[in-house]
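# no FASTA, just this:
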């Protein structure tokens, strides 16, 4: 199953805490929550007929906008060839968290089913994530 999530990929932010009486409640930061909702919408449009219950291999290629200083000159050719890759924040694990959370309960039951994962960052003028999900392989 291949799913493309268009647009800027929002890294997972730290959870927010609030008090309700003596109880401390945690909730997602608004940007993270909105991004997960968007991923859930894209996932619904591409979901399999039944939730995946088997072990999953997940591959995600995440394309980030290059910095403005790379829009001209020799760096542009390096970006096009895939030789120049992002080595700055956001971290890969923060980028993939929102995608995994948004696909849970739509594509698969739980993130724990993911037994193998490959995540790569690239530059592109068209920011997006290309996610490939494999299951049922012997």
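That came through, no problem. From a predicted model like this one, the values you see are computed outputs, not experimental measurements.

# what stretches of this structure score poorly on pLDDT?
By pLDDT under 70, the low-scoring segments of the chain are 138.

# Residue 65 contacts residue 128, doesn't it?
No. Counting by Cβ atoms under 8 Å, residue 128 is not a contact partner of residue 65; they are 10.4 Å apart. Using the backbone N, CA and C atoms, a C-beta is placed for each residue, glycine as well.

# Buried residues, stretch 62-75. List them.
For stretch 62-75, the neighbour count (16 or more other Cβ atoms under 10 Å) marks 62, 63, 64, 66, 75 as buried.

# Phi, psi for the third one please.
Yep, that's residue 64 we're talking about. The phi/psi pair for residue 64 (degrees, to the nearest 10) reads phi -110, psi 150.

# Chain neighbours aside, what residue packs nearest to it?
residue 86 (5.3 Å; Cβ to Cβ, 6 or more residues apart in numbering).

# For the one you found, list the residues it contacts.
Residues near residue 86 by Cβ atoms under 8 Å, 6 or more residues apart in numbering: 64, 121, 122, 123.

# can you put those in CSV and add distance to residue 7 and secondary structure?
Output for the contacts of residue 86, formatted as CSV (distance: Cβ to Cβ, whole Å; DSSP: H, G, I helix; E, B strand; the rest coil):
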residue, distance to residue 7, secondary structure
64, 11, strand
121, 16, strand
122, 15, strand
123, 15, strand
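
# Of these, select the buried ones using a PyMOL command.
For the buried members of the contacts of residue 86, the matching PyMOL selection, counting by 16+ other Cβ under 10 Å, is:
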select buried, resi 64+121+123
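
# In TSV: the contacts of residue 86, plus distance to residue 111.
Listed next are the contacts of residue 86 as TSV, based on distance: Cβ to Cβ, whole Å:
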residue	distance to residue 111
64	23
121	20
122	24
123	27
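
# what two of the contacts of residue 86 are the furthest from one another?
For the contacts of residue 86, with distances taken as Cβ to Cβ, the pair at the greatest spread is 121 and 123 (8.2 Å).

# Which residues are in contact with each of the two?
Listed contacts common to residue 121 and residue 123 are 64, 85, 86; contacts here mean Cβ under 8 Å, 6+ apart.
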